[in-house]
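Chemist: I would like to see how this sequence folds:
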Amino acid sequence: MIRIACRIIGWLILLAIVFATVSPIGLRPRLGFGPDFDRFVGFLVSGLFLGFGYRRRWLWAIGFIAVAAFGIETMQYLTPDRHARFWDATVKAAGGILGVLAAHMVLVLSTS
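Modeler: Numbering: from 1, shown residues only. Next up is the predicted model:
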C-alpha cells in the first residue's frame, strides 16, 4: 500500500512540475533560494517518491526521471514567455537521479 502511495505522490509531483514548467513564468512556484534550487528540489522529491514506489525498478526510475527532466524542459518551447536551457534540464535530472538513488540506498540499508 505504501508503495502505491509513493508512486501516486511521485507522479503527482511530476505533473505539478510539468504545469509549473509550461505555465506562464508568473505562476511558477518559488522556494526563495533561486530557480536552480527550486528545480533541483522539485525533481529530488519526485525522484525520492518514485524510487520508493518502484523499489525493484530503480534503474528504470533513474532513466525515466532523467529523460523526463530533459523532455519537460523541452516543453518550454511551447510557450512564448519561457526558454529551455540545457543547464536547467541537467539540474533537474541531477535532482531526480539523486532522489531515486537516495531512496534506493535507504531501502538497501534497511534490508541488510
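Chemist: so residue 13 makes contact with residue 46?
Modeler: Yes. With contact defined as Cβ atoms under 8 Å, residue 13 counts as touching residue 46 (4.1 Å). (Glycine included, C-beta is placed from N, CA and C.)
Chemist: just the helices from the chain, written as ranges.
Modeler: Using DSSP state H, the helices found in the chain span residues 2-22, 35-53, 58-74, 86-111.
Chemist: which other helices and strands does the shortest one contact?
Modeler: When contacts are defined as 3 or more Cβ pairs under 8 Å, 6 or more residues apart in numbering; DSSP states H and E, helix 58-74 sits against helix 2-22, helix 35-53, helix 86-111.
Chemist: any idea which of those helices gets closest to residue 78?
Modeler: With Cβ to Cβ as the criterion, residue 78 lies closest to helix 2-22 of the helices and strands packed on helix 58-74, at 6.0 Å.
Chemist: just name the most buried of the helices of the chain.
Modeler: Each of the helices of the chain was given a mean neighbour count from mean count of other Cβ atoms under 10 Å, and the largest, a mean of 22, is that of helix 35-53.
Chemist: what is the orientation angle of that one with helix 2-22?
Modeler: With axes from the mean of the first three to the mean of the last three Cα atoms, to 10 degrees defining the directions, helix 35-53 sits at 160 degrees from helix 2-22.
Chemist: export helix 35-53 as CSV, just CAs?
Modeler: C-alpha atoms of helix 35-53 as CSV (Å, rounded to 0.1, in the frame of the first residue of the first chain):
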residue,chain,number,x,y,z
PRO,A,35,15.5,28.8,-9.6
ASP,A,36,18.2,26.2,-9.7
PHE,A,37,17.4,25.2,-6.1
ASP,A,38,13.7,25.0,-7.0
ARG,A,39,14.3,22.8,-10.0
PHE,A,40,16.7,20.5,-8.1
VAL,A,41,14.4,20.1,-5.1
GLY,A,42,11.3,19.5,-7.2
PHE,A,43,12.9,16.7,-9.1
LEU,A,44,14.7,15.4,-5.9
VAL,A,45,11.3,14.9,-4.1
SER,A,46,9.7,13.4,-7.2
GLY,A,47,12.6,11.0,-7.7
LEU,A,48,12.6,10.1,-4.0
PHE,A,49,8.9,9.1,-4.1
LEU,A,50,9.3,7.3,-7.4
GLY,A,51,12.4,5.5,-6.0
PHE,A,52,10.4,4.2,-3.0
GLY,A,53,7.4,3.4,-5.3
